[in-house]
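Undergrad: sequence and predicted structure are below.
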Amino acid sequence: MEESLQRSDSELPSVMDGRRVTAEAMPHYLPGEPLSLPPRPPMQDVVVQLFSYQDLAEPILVPAVVEPLLVLVLSGVATVEERALDGDWQATSVEAGDFFLTSTSEPYEMRWQVRGSDRFEVMHLYLGLPLIEQAARDLHGEHGASVSFLDVSGARDERVSFLLEQLRRELFSEARTSPLFVRSLAQALAIHLVRTYPGPHNAARGANALQTYKLRRVIEAMKARLAEDFCLPQLAQVAGISDYHFSRLFKRATGQSPSQYFIRLRMARARQLLLETDLSVIEIGMEVGYSSPSHFSQVFRREVGVTPRAYRQT
């Protein structure tokens, strides 16, 4: 696992040359150095790295990755901003327990600002393509070997958090690591990701998913209308298809219905406002489309796990 980390910068592929970067080479493209890890036997299809970050005001260019990348926030609070090379910055507030999922085929820019005095530490996990393909075949049969994932930024998934935490403990807390246990956890995680976060290009879903450019257009329209009532016909019009086909293709592309996805975007924006502004809970609720404070609190607690007031105090 360490061999490719010893290559000189001149041996590394350029971010812009169209090639994807392997898990072992990724630390060369990120600011700072990965945290030192205890010696462990090589793990098949599993690469784990730990990082501790300070503020990053100047954006870095993150290369496309070969393996799907999961990033779990272990400690600290930060505002992370990402954008495609020709896109607008998208900000996400994250804290311990939040995760990112990246399987992009294109490089993108990233920067972040750490808030508070706690160290901002993250764990990177790369799952090997053979493991992902095995999970896809298990769920979708022999035609499901080719799989991609939806890019996720700053989401919270209790199963993802649990499995990653178990992996971290096994690799860094146990005196003797069990490769069998590590692989079992990685297999469970791969199954969950294939089942829950399928990308729009999955072979198992074929053409029966919303095209990527239409999906991005719809999501941007959702973000621009968070304070408005959810309107399926408007979103279907943005995609240029009928209401019925839009709902079906959107769910195939994201794993969620349009209304479920819209609520998740609302809650992500509410979390950001709770942490970064002095707006009252009532004002924030109205900002994301809830005129009733009790309804806003109810939905927030269902999606995030705590009330808006409790979340602000954490």
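TA: Nice, thanks for sending it over.
Undergrad: and the next helix or strand past the helix or strand where Q134 lies?
TA: Secondary-structure element containing Q134, defined by DSSP states H and E: helix 129-140. Counting by DSSP H and E, the element after helix 129-140 in chain order, helix or strand, is strand 152-155.
Undergrad: name the helices or strands packed onto that following strand?
TA: strand 77-84, strand 90-95, strand 99-102, helix 258-276 (3 or more CB pairs under 8 Å, 6 or more residues apart in numbering; DSSP states H and E). For the C-beta atoms, the positions are set from N, CA and C on the backbone; glycine is no exception.
Undergrad: that one pairs with which strands?
TA: Strand 152-155 sits in its sheet next to strand 99-102 (antiparallel), going by DSSP bridges.
Undergrad: and the strand it pairs with, how far out from the chain's middle?
TA: Counting by CA atoms, centre = their mean, to the nearest Å, strand 99-102 is centred 2 Å from the centre of its parent chain.
Undergrad: what is the mean pLDDT for it?
TA: Averaged over strand 99-102, pLDDT sits at 90.
Undergrad: swap in stretch 128-140?
TA: On average, stretch 128-140 scores 83.
Undergrad: give the buried residues for it.
TA: 128, 131-137, 140 (16 or more other CB atoms under 10 Å).
Undergrad: how about those in a markdown table, adding distance to L226?
TA: A markdown table is the format used below for the buried residues of stretch 128-140 (distance: CB to CB, whole Å):
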| residue | distance to L226 |
| --- | --- |
| G128 | 38 |
| L131 | 37 |
| I132 | 33 |
| E133 | 37 |
| Q134 | 39 |
| A135 | 34 |
| A136 | 33 |
| R137 | 38 |
| H140 | 34 |
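Undergrad: and which of those is nearest to S36?
TA: Closest approach between the buried residues of stretch 128-140 and S36, by CB to CB: G128, at 23.4 Å.
Undergrad: surely the closest one meets V66?
TA: No: applying CB atoms under 8 Å as the test, G128 and V66 come out as separate, 9.2 Å apart.
Undergrad: okay, and the beta partners of the residue nearest the centre of the chain?
TA: Nearest to the mean C-alpha position of the chain, counting by CA atoms, centre = their mean, stands F100 at 2.4 Å. F100 has the following beta-bridge partners by DSSP bridges: V71.
Undergrad: on that earlier part again, what's the spacing between the helix holding Q134 and its chain's center?
TA: Taking mean C-alpha positions (CA atoms, centre = their mean), helix 129-140 and its chain are 20 Å apart.
Undergrad: that one packs against which elements?
TA: helix 179-196.
Undergrad: return the set of buried residues in the helix it packs on.
TA: For helix 179-196, by 16+ other CB under 10 Å, it's 182, 185-194, 196.
Undergrad: for it, give the mean pLDDT please.
TA: Mean per-residue pLDDT for helix 179-196: 92.
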